[in-house]
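Asker: take a look and give me a structure for this.
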Amino acid sequence: MATRNLGPERPESIPFYRNVKIIGTLVQIVFVLLVGFGIYILYDNVTTRLTTSNLPADFSFLDERAGVPIGETTIPYTTNDSYWRALLVGILNTLNVAVIGIILTSILGVVIGVMRLSTNWLLRQIATVYVEVIRNTPLAVQLIFWYYAVLLAVPPRVSNPIELPGNIFFSQVGIAFPWLFPSYNFSLWLPWLVVAAILFGGLFVYRRTQIERSERSGRAWTWPLVVALAVAGLGYGVASWQSSLPEAIDAEFLADRGRGTIFLDRNGDGKFGDGERGLARAVATVAVAQGQLSTTSQDLTESGEVVYGTFRFAILEEHEYSSASVDFVDPSAAEELSLHFLRGPSIGTVYRDRNNNGVYDPGEELRDTAEGASPSGFSGIRLTLSVTDFERRVVSSRDGSFRVPIFTVAGAEDDSTTGGGTGGGLGGLFGPPGGTDDAESALDTSVTHQVALPLVLSVPTIPRSDYVGGVRLSEAFLALLFGLVIYTASFIAEIVRGGIQAVPNGQREAANALGLGSYQTFSLIVFPQAVRIILPPMISQYLNLTKNSSLAILVTFADFFQISNIIANQTGAAVPMYLIIIVGYLIISLTFAFILNIVNERMALVER
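Answerer: Take a look at the predicted model:
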């Protein structure tokens, strides 16, 4: 009898409500919908309440005028700019602190970590005390200490700064140092820089491919970097040769205010008016044939001590004038008092030569007072500094403006120079704005333009009571930077110490067997292997440093968080602003993490 093959039996299908995969997918979809619905309810409640309270519920307020004064800005900014530009300034300020802090804290952390393993007992103990004390002291306390106990109390006033080699000034308002800026002729050099960058990238890839194919060790970036620098140097020379002054360049200099502007005179009237643009980073020489500065001696508290009878003019360098002399305005004061100079003709002390030896002796700057009375110096004495053939090289700022000391006509009197001034005795020290039109016209001044190279060196000066030119780091920025670097370096030091100790001891023994010295063993064998262990936890510390910069409000530094708080208080848009803060710090942290993780992958060992 023939049989019929019906084939294998078809399995019975499982209902969807019993299928584990389908149930799992449905549960996830429902969960996402519930979360989305909860977010929508939260958003609806918040926006409804904000609208009812007449508070901003969206981000349209960011286009309004900010009116927020910001002392330190990386990009041009005024109080007339919008809120979003103020936020951009805050983000850039935070990035400045973070990038510089990461570099410095890496150097300090590695040095302290290596010192922790030093065979020198003193270095090892110093590093141990540093780590234990700094790591266990709250960062907020350290920031307040650096700002109020050190940077505001220890340095001298800006009228008497500490001058370090290289035209670097340090005072209560921060540190200023020379810096190279791109001039208005920088565009002539820019194409050469682009070509140099393209050559470097192409040659680097080619060289690295060669090294990989030859299976030899070598540095792929050496020759590409030499070629790129050669092209950039050649381009700088060509661009410098092609540099020229714009045809319509002119300068407006108000000698009675010590201010001027280098600008493009479009209408040819010789005055800086509406519709005309200031020329940024233009170089000029301001000359005053004969003029005088005025000041009044004062008793000042400086660096925790009282300085009696000190006089301070605008700081003039010896190469800026041919002759200078300081005289008493009151002839009777000249008969009984003398002058002791501490820094050229600009800074000194008024004293009475009691022993008639012709030189200043300590104590002679004090007046004769009754027994038990508080000591006082010869303050309130009016002085003039007469200068001939003054010349100063200036570099205009972003808006084309520049500043020099306020000179008046020699012999001109101005009663407004008396008095203590404002701002702790600094206001009015260098002579007031004002003077008659006749006096201004009688002051022989001139502004000579110079051909600007693609890069111009701006050197800081102190025409009155602040730095002008160069780059300035304020005391608030320095306090925040010092606090973050010193605090974070204590954690990185422990990471470095642990990473070095994690390298197997057999590596050191093998290096010793090959005859390598201790320095060669550390730099060529131990530390390169330790870096692969150190880098991942160091990345976390870099992110912590970036987020801890939000404590800048403690030292009055205008970072992203502080500016956001100010905007929230002004506009009432607390919810939108705090969303911006969260997203802003998230983007900054993820960007740093992305870049540093790429470096970490490059450093990691490749399994074969």
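
Asker: tell me where the stretch 51-200 of the chain has helices.
Answerer: Using DSSP state H, counting those that start in this stretch, the helices of the stretch 51-200 of the chain run over 83-116, 121-135, 139-144, 190-214.

Asker: quick one: buried residues of the last one?
Answerer: The reference is to helix 190-214. 192-193, 196, 199-200, 203-204, 207 (16 or more other CB atoms under 10 Å). For glycine as for every other residue, the C-beta is placed from the backbone atoms N, C-alpha and C.

Asker: and if you look at the second one?
Answerer: Neighbour-count burial for helix 121-135 flags 127, 130-131, 134 (criterion: 16+ other CB under 10 Å).

Asker: thinking again about what came up before, pLDDT added to the buried residues of helix 190-214, as CSV?
Answerer: As requested, the buried residues of helix 190-214 are exported to CSV (pLDDT from 0 to 100):
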residue, pLDDT
192, 95
193, 95
196, 95
199, 94
200, 93
203, 92
204, 91
207, 89
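
Asker: re earlier: from the buried residues of helix 121-135, pick the one nearest residue 360.
Answerer: residue 130 (42.8 Å; CB to CB).

Asker: tell me who's in contact with the closest one.
Answerer: 112, 490, 493 (CB atoms under 8 Å, 6 or more residues apart in numbering).

Asker: related to what we said a few turns ago, okay, the helices of the stretch 51-200 of the chain in a markdown table with distance to residue 67 next?
Answerer: A markdown table is the format used below for the helices of the stretch 51-200 of the chain (distance: least, CB to CB, whole Å):
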| stretch | distance to residue 67 |
| --- | --- |
| helix 83-116 | 9 |
| helix 121-135 | 39 |
| helix 139-144 | 27 |
| helix 190-214 | 35 |
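
Asker: out of these, which is closest to residue 311?
Answerer: helix 139-144 (34.5 Å).

Asker: in a strand, residue 291, correct?
Answerer: Yes: if the criterion is DSSP: H, G, I helix; E, B strand; the rest coil, then residue 291 is within a strand.

Asker: make 56 the first number, not 1, from now on.
Answerer: All right, first residue 56 from here; so that's residue 346.

Asker: how deep is the closest residue to it other than its chain neighbours tucked in, by neighbour count?
Answerer: Excluding the flanking residues, the one nearest residue 346 by CB to CB, 6 or more residues apart in numbering is residue 462, at 3.2 Å. The local packing of residue 462 (other CB atoms under 10 Å) involves 28 other residues.

Asker: so who does residue 462 touch?
Answerer: 310, 313, 343, 346-348, 442, 445, 486, 498, 500.

Asker: go on, residue 75?
Answerer: Listed by CB under 8 Å, 6+ apart, the contact set of residue 75 is empty.

Asker: before we move on, what about the one 10 residues further on?
Answerer: Shown in contact with residue 85 (CB under 8 Å, 6+ apart): no residues.

Asker: quickly find the element holding it.
Answerer: Assigned by DSSP states H and E, residue 85 belongs to helix 75-107.

Asker: returning to what we had before: just the closest of the contacts of residue 185 to residue 101, please.
Answerer: residue 545 (41.1 Å).

Asker: distance of the residue nearest to residue 346 from residue 395?
Answerer: Distance of residue 462 to residue 395, given as CB to CB, to the nearest Å: 24 Å.

Asker: so how far does stretch 393-411 reach from one end to the other?
Answerer: 11 Å (CA to CA, to the nearest Å).

Asker: how far is it from where the chain is centred?
Answerer: Computed by CA atoms, centre = their mean, to the nearest Å, the chain-centroid distance of stretch 393-411 equals 37 Å.

Asker: show me what it is in contact with.
Answerer: Under CB under 8 Å, 6+ apart, the answer for stretch 393-411 is 214-215, 352, 362-373, 379-381, 391-392, 414-416, 419-420, 432-433, 436, 438, 440.

Asker: just the ones of those residues in helices?
Answerer: Judged by DSSP state H, these include residue 391 as members of helices.

Asker: buried subset of the contacts of stretch 393-411 as a ChimeraX selection?
Answerer: The buried residues among those can be selected in ChimeraX (16+ other CB under 10 Å) with this line:
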select :214,215,352,362,363,364,365,366,367,368,369,370,371,379,381,392,415,419,420,432,433,436,438,440
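
Asker: which ones among the contacts of stretch 393-411 lie within strands?
Answerer: Judged by DSSP state E, the contacts of stretch 393-411 include 362-367, 379-381, 438, 440 as members of strands.

Asker: nearest to residue 271 among those?
Answerer: The closest of these, once distances to residue 271 are taken by CB to CB, is residue 367, at 64.6 Å.

Asker: need the pLDDT of the closest one.
Answerer: pLDDT recorded at residue 367 is 94.

Asker: surely it touches residue 349?
Answerer: No: using CB atoms under 8 Å, residue 367 makes no contact with residue 349, being 11.6 Å away.

Asker: hmm, residue 442 is touching residue 342, no?
Answerer: No: the criterion here is CB under 8 Å, and residue 442 misses it with residue 342 at 11.2 Å.

Asker: give me the more crowded residue out of these two.
Answerer: A direct count of neighbours by other CB under 10 Å for residue 442 and residue 342 places residue 442 higher, at 25 against 15.

Asker: just checking: what are the partner strands of the helix or strand encompassing the more buried one?
Answerer: Taking DSSP H and E as the criterion, residue 442 maps to strand 437-450. Looking at strand 437-450 with DSSP bridges, its partner strands are strand 338-351 (antiparallel), strand 378-383 (antiparallel).
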